[in-house]
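>>> Kindly return the folded structure for what I paste below:
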Amino acid sequence: MIPAIIIPAFNPDHRLPGYIRQLRHQGDYRIIVVDDGSVLRSKPIFESIRDIDGCIVLVHKRNMGKGAALKTAFRHVLGNCREVSHIVTADADGQHAVEDVVSVVKETGKSACGLVFGVRDFIHPEIPARSLFGNRLTSHLFRILFGRRLHDTQTGLRGIPRKELKWLMTIRGDRYDYEMNTLIHAVRENVDIREVGIRTIYLDRNASSHYRPLVDSARIFLKIISGYFSGSSLYVNPSERQIAEEV
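Model prediction:
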């Protein structure tokens, strides 16, 4: 059984293939990249990734959002990758150091249940104001409503054993709100969450990130509040809550 690393990508820059090669050099990892409707000029980047041994590129014909891209990759793993025991999601913008991805891979492999979060240190002086504000506010609101203190509620570096993928497929959300919805479900249903400290990296002041501070933060805050008052709002179909709870 081997791990897979999932990377959703929308108009990535030229550094992504090199980053993936570094990951491949760390071990026998499957790398699954989702081209989330990128523009034509990004196609050579994805062609370079396809040429890397152990890599596969899944394609959305139009931009559908990070949540949709993650679920496309999860569906692929469940249907086509029986050898994959656990997965780690990482961002395409270079924010996650290779050694930190490896640390989360190893920690996730220690248990067949629960989630692993790679958490950043928000005391770092180079953190862009938009990231600092958004993370502090959501973490504070999350703790008030759900009584659980998490150091990084918006981390994209997450470890997930194969057993947890089924309920993740039932969670509503196609964009950045999806990750918050999965977190709310995990806390409400007492899914174990382990945290691993990681480096804080923002290349070019996070210029390549597609996170929209106002729009995406508002969407996430609303999801936290709606998830608190109505657990059924987390699911693609409210009847699927039973499916998620039985996994």
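>>> My guess is residue 135 contacts residue 154. True?
Yes - between residue 135 and residue 154 there is a contact at 5.4 Å, judged by CB atoms under 8 Å. For the C-beta atoms, the positions are set from N, CA and C on the backbone; glycine is no exception.
>>> Now do the strands in this protein.
Per DSSP state E, the chain carries strands over the ranges 2-9, 30-36, 55-60, 84-89, 115-119, 158-161, 193-197.
>>> quick one, which of the ones you listed is nearest to residue 16?
strand 2-9 (6.5 Å; CB to CB).
>>> and residue 73, how many neighbours does it have?
As a burial measure, residue 73 scores 24 neighbours (other CB atoms under 10 Å).
>>> That one contacts residue 34, doesn't it?
Yes - with contacts defined as CB under 8 Å, residue 73 counts as touching residue 34 at a distance of 5.4 Å.
>>> Find the residues that touch each one of these two.
6, 8, 58 (CB atoms under 8 Å, 6 or more residues apart in numbering).
>>> which one among the residues you listed gets closest to residue 220?
For the shared contacts of residue 73 and residue 34, the closest approach to residue 220 (CB to CB) belongs to residue 8, at 16.7 Å.
>>> Give me the nearest residue to that closest one, chain neighbours excluded.
Spatial nearest neighbour of residue 8, chain neighbours left out: residue 69 (3.6 Å); criterion: CB to CB, 6 or more residues apart in numbering.
>>> likewise residue 156?
residue 91 (4.3 Å).
>>> Distance check, that neighbour against residue 227.
Here the criterion is CB to CB, to the nearest Å. By it, residue 91 lies 23 Å from residue 227.
>>> Between these two, point out the one with more neighbours.
Applying other CB under 10 Å to residue 91 and residue 227 shows that residue 227 carries more neighbours, namely 24 against 20.
>>> contacting residues around that one?
Contacts here follow CB under 8 Å, 6+ apart; on that basis residue 227 touches 180, 181, 184, 185, 188, 233, 234.
>>> distance between the ends of stretch 89-99?
Using CA to CA, to the nearest Å, one end of stretch 89-99 lies 14 Å from the other.
>>> err, stretch 163-180, not the other one
Between the opening and closing residues of stretch 163-180 lies a distance of 20 Å (CA to CA).
>>> avg pLDDT for it?
Summarised as a single mean, pLDDT over stretch 163-180 is 92.
>>> Show me what counts as buried in it.
Applying a neighbour-count criterion of 16 or more other CB atoms under 10 Å, the buried positions in stretch 163-180 are 164-165, 167-173, 175-180.
>>> right, and out of these, which lies closest to residue 139?
residue 180 (11.2 Å).
>>> these two touch, right, the closest one and residue 226?
No - applying CB under 8 Å, one finds residue 180 not in contact with residue 226, separated by 10.4 Å.
>>> Now do the helices in this protein.
Ranges of helices in the chain, per DSSP state H, are 16-25, 43-50, 66-80, 98-108, 129-146, 165-168, 177-188, 213-229, 241-246.
>>> where among these is the average confidence lowest?
helix 241-246 (a mean of 46).
>>> Could you check how far residue 113 is from residue 152?
21 Å.
>>> Sorry, slip of the keys, the one I care about is residue 88.
Distance, residue 88 to residue 152, using CB to CB: 15 Å.
>>> Which one's more surrounded, those two?
Between residue 88 and residue 152, counted using other CB under 10 Å, the more crowded position is residue 88 (27 against 20).
>>> quick revisit: so which of the buried residues of stretch 163-180 comes closest to residue 40?
Proximity of the buried residues of stretch 163-180 to residue 40, judged by CB to CB, is greatest for residue 175, which lies at 22.6 Å.
>>> Report the contact partners of the residue lying closest to that closest one once chain neighbours are set aside.
The shortest distance from residue 175 to any residue other than its chain neighbours is 3.6 Å, reached at residue 65 (CB to CB, 6+ apart). Contact analysis of residue 65 by CB under 8 Å, 6+ apart lists 36, 174, 175, 176, 178.
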